[in-house]
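*Asks:* here's my sequence, what's the structure:
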Amino acid sequence: MNNIALIVGASGITGSNLAEKLIAEGWITYGLARNPNTEMQGLHPVQADLLYVDSLEKALASIAPTHVFITTWMRKETEAENIAVNSSMVRNVLDVLSPKKSVKHVALVTGLKHYLGPFDAYAKSGTLPETPVREEHPRLEIENFYYAQEDEVYAAAERDGFTWSIHRPHSVIGKVVGNLMNMGTTLAVYASICKETGRPFRWPGSEAQWNGLSDVTDARILAEQLLWAATTEAAANQAFNISNGDVFRWSWLWKQLAAWFDVEVAGWDGEVQPLEAEMARDHVLWKEMADKYNLKEADLVRLASPWHTDLDLGRPIEVMTDMSKSRKLGFTAYKATKDSFYELFETLRAERIIP
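*Replies:* Purely as a prediction, here's the structure:
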């Protein structure tokens, strides 16, 4: 029988890379979003608002997926609002699909905030885990919308009898425009601005992150794990960390990124210097650069998410993930992190996203 995928959030950094992977593997692939991708060859776009059941019922009336991949979320002002909105989006999709009895597997993508805490309590004292973080780490005694999303999947799985998998990436690196959390493109845009203005490529984060060990997740590696877990019996009903498979120190990688753009490096100098403040006045400059270099996107907000990069790079501890669980079960995909960034930069330049 054909595998029929419904990717919830197919226009995002994770969803779009997953769509490319599944299409290449011969899956019938539907991409659901409020503003769906209509340019990807082989992707069937589905437009719906996840907050409204009637919108989903209409959009999914003729679609009976065998596999559902939930890769989206919505950011609100408080964690209580994050919980209410993001849990309802998961619940609404699975409730609408339930009568079809077609779903065999549901995958949910969350992240390391599972271990570190949500945005409004991010990596604060009392919530810091032992690293490398491992899947068996207990939930924190704090509100977290990732937990609420998981609970919706667990409840629907018990009701409908499908298997599930949870995937926890660390700083997803990949190409997309308009994503809320996009470190790779944010740093590419920042470095391009530094190149244009002669400013140094200044480290924005903490001493612990500068000197400590870290890892990240290439969006294509995440796509491979999502496919693997959805089609591997031994991976059913489990949560998995997912990263490239190597570790690095930002004190090394920051210089590699600067070298690619041929800009001056400014490393840790004794205090955190948030990127959000550094780039706060660059919106007009970026529009001028877009016109000068004939770039496709002149809106800095649609490319850069410095607030999220600041959260990742400002952590007070080194953070890396343990990959033993999926490795033992046969998941062996690997990507050198420097290549993840360099290949992204090359793609962004070739597609005229950066000069």
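
*Asks:* need phi/psi at residue 68.
*Replies:* phi -120, psi 130 (degrees, to the nearest 10).

*Asks:* ok, how many other residues are close to it?
*Replies:* 28 (other CB atoms under 10 Å). The C-beta positions use only the backbone N, C-alpha and C, and glycine is treated the same way.

*Asks:* center of the chain - which residue?
*Replies:* Nearest residue to the geometric centre of the chain (CA atoms, centre = their mean): residue 172, 4.4 Å.

*Asks:* so where's the stretch 151-300 of the chain uncertain?
*Replies:* 178-180 (pLDDT under 70).

*Asks:* residue ranges for the strands of it, please.
*Replies:* 163-169, 172-173, 201-202, 213-214, 217-218, 238-242, 248-249, 265-266 (DSSP state E, counting those that start in this stretch).

*Asks:* same list (those strands) but as JSON lines, adding distance to residue 331.
*Replies:* Shown next, in JSON lines, are those (distance: least, CB to CB, whole Å):
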{"stretch": "strand 163-169", "distance to residue 331": "11"}
{"stretch": "strand 172-173", "distance to residue 331": "17"}
{"stretch": "strand 201-202", "distance to residue 331": "34"}
{"stretch": "strand 213-214", "distance to residue 331": "21"}
{"stretch": "strand 217-218", "distance to residue 331": "13"}
{"stretch": "strand 238-242", "distance to residue 331": "8"}
{"stretch": "strand 248-249", "distance to residue 331": "21"}
{"stretch": "strand 265-266", "distance to residue 331": "35"}
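
*Asks:* single out the most deeply packed of those strands.
*Replies:* Highest mean neighbour count among the strands of the stretch 151-300 of the chain (mean count of other CB atoms under 10 Å): strand 217-218, with a mean of 28.

*Asks:* and that strand, what other elements does it pack with?
*Replies:* If you count contacts as 3 or more CB pairs under 8 Å, 6 or more residues apart in numbering; DSSP states H and E, strand 217-218 packs onto strand 172-173.

*Asks:* what lies in contact with the strand it packs on?
*Replies:* Residues outside strand 172-173 that contact it (CB atoms under 8 Å, 6 or more residues apart in numbering) are 13-14, 111, 181-184, 216-219, 222, 337, 340-341, 344.

*Asks:* ok, which of the strands of the stretch 151-300 of the chain comes nearest residue 348?
*Replies:* The minimum distance between residue 348 and the strands of the stretch 151-300 of the chain falls on strand 172-173, with 11.6 Å, by CB to CB.

*Asks:* quick one: strands adjacent to the closest one?
*Replies:* Strand pairing for strand 172-173, determined by DSSP bridges: strand 217-218 (parallel).

*Asks:* run the chain-centre distance for stretch 12-31.
*Replies:* 15 Å (CA atoms, centre = their mean, to the nearest Å).

*Asks:* which residues does the residue nearest to the centre of the chain form beta bridges with?
*Replies:* Applying DSSP bridges to residue 172 gives these bridge partners: residue 217.

*Asks:* next one: residue 45
*Replies:* Those that pair with residue 45 in a beta bridge, by DSSP bridges, are residue 31.

*Asks:* isn't it right next to residue 35, touching?
*Replies:* No: at 9.3 Å, residue 45 does not count as touching residue 35 under the criterion of CB atoms under 8 Å.

*Asks:* mind listing what's buried in the longest helix anywhere in the chain?
*Replies:* Taking DSSP state H as the criterion, the chain has its longest helix at helix 79-97. Across helix 79-97, burial judged by 16 or more other CB atoms under 10 Å covers 79, 82-83, 85-97.

*Asks:* then stretch 105-122?
*Replies:* 105-119, 121.

*Asks:* distance from it to the middle of the chain?
*Replies:* The answer for stretch 105-122 is 10 Å, by CA atoms, centre = their mean.

*Asks:* what's the answer for stretch 302-317, then?
*Replies:* Between the centre of stretch 302-317 and the centre of its chain there are 13 Å (CA atoms, centre = their mean).

*Asks:* how far does that stretch stretch from start to finish?
*Replies:* 29 Å (CA to CA, to the nearest Å).

*Asks:* between the strands of the stretch 151-300 of the chain, which one is nearest to residue 328?
*Replies:* strand 238-242 (10.9 Å).

*Asks:* now the angle from that closest one to strand 163-169?
*Replies:* Inter-element angle recorded for strand 238-242 and strand 163-169: 20 degrees (by axes from the mean of the first three to the mean of the last three CA atoms, to 10 degrees).

*Asks:* how about strand 238-242 as PDB, C-alpha atoms only?
*Replies:* Backbone C-alpha positions of strand 238-242 (Å, rounded to 0.1, in the frame of the first residue of the first chain) are rendered in PDB as follows:
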ATOM      1  CA  GLN A 238       9.500   6.200  21.800                       C
ATOM      2  CA  ALA A 239      11.100   9.600  22.100                       C
ATOM      3  CA  PHE A 240      14.400  10.400  20.400                       C
ATOM      4  CA  ASN A 241      17.100  13.100  20.600                       C
ATOM      5  CA  ILE A 242      18.400  14.000  17.200                       C
END
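
*Asks:* who does it pair up with?
*Replies:* Applying DSSP bridges to the sheet, strand 238-242 is found paired with strand 163-169 (parallel).

*Asks:* which outside residues touch the strand it pairs with?
*Replies:* Outside strand 163-169, the residues that touch it by CB under 8 Å, 6+ apart are 14, 104-112, 114-115, 135, 150, 153-154, 157, 217, 222, 225-226, 229-230, 235-243, 321.
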